[in-house]
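Visitor: Give me the fold of what follows.
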Amino acid sequence: MHGVVLWSDQAQDRAVIWCEDHGDLAFYRGQGSDAGAAAGLTAGDMIAFDLCEGGEMRLARKPRLVAQESHPTLSRALRQAGVNAGALPDTSTDMPVATSVASENEHSGNVVPFRAQRCAEIA
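Guide: Residues are numbered from 1 along each chain as shown. Here you go, the predicted structure:
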């Protein structure tokens with residue numbers, strides 16, 4: 001499968017990937033033989049990866065860089081499309097507010113809330 005990295009955390013070796021089939025997002029969590037594979041991957045990079053189904057989640061394994069920064073504005077464009085459709089609040093003019101704990105229905109900064117049962121497997 002091919003996809004574009006929407007978000008990555010190199011320190012925790014994790015990434016969120018938009019897949020070429022436009023299905024659910026794929027989540028990468030480095031562990032075992034995959035550990036460190038996301039090092040150097042940044043939002044906008046096109047990658048190839050093996051796709052596994054884990055419960056209700058799509059999991060990416062063995063990510064490989066295809067093209068660096070091939071889609072550098074994709075994350076921003078998807079967020080703006082959500083704002084334009086009324087699915088996300090427009091935070092472009094809001095000042096970020098630091099909170100210790102956000103409620104389950106609250107959007108805070110650039111955090112996208114996921115249902116608890118879908119997060120349990122990647123936490």
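
Visitor: where along this structure do the helices fall?
Guide: Ranges of helices within the chain are 74-84, 116-119, based on DSSP state H.

Visitor: For residue 56, which of those is the nearest?
Guide: Set against residue 56 and scored by Cβ to Cβ, the helices of the chain come closest in helix 116-119, at 5.9 Å. (Glycine included, C-beta is placed from N, CA and C.)

Visitor: Determine which of the helices of the chain approaches residue 54 most closely.
Guide: helix 116-119 (10.1 Å).

Visitor: Contacts for stretch 71-86, please.
Guide: Residues outside stretch 71-86 that contact it (Cβ atoms under 8 Å, 6 or more residues apart in numbering): 4, 6, 7, 18, 43, 44, 46, 88, 89, 90, 92, 110.

Visitor: er, stretch 26-34 I mean
Guide: Residues outside stretch 26-34 that contact it (Cβ under 8 Å, 6+ apart): 1, 3, 13-17, 19, 36-38, 49, 51, 57-63, 122.

Visitor: Out of the helices of the chain, which one sits most buried?
Guide: Ranked by mean neighbour count under mean count of other Cβ atoms under 10 Å, the helices of the chain are led by helix 74-84, which reaches a mean of 14.

Visitor: coming back round to it: please produce TSV containing the helices of the chain, extended by distance to residue 31.
Guide: Converted to TSV, these look like this (distance: least, Cβ to Cβ, whole Å):
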stretch	distance to residue 31
helix 74-84	24
helix 116-119	16
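
Visitor: Where among the ones you listed is average confidence lowest?
Guide: Mean pLDDT across those is lowest at helix 116-119; the value there is a mean of 46.

Visitor: Do you have the strands of this structure handy? List them.
Guide: With DSSP state E as the definition, the chain shows strands at residue ranges 2-9, 14-19, 26-29, 46-54, 57-67.
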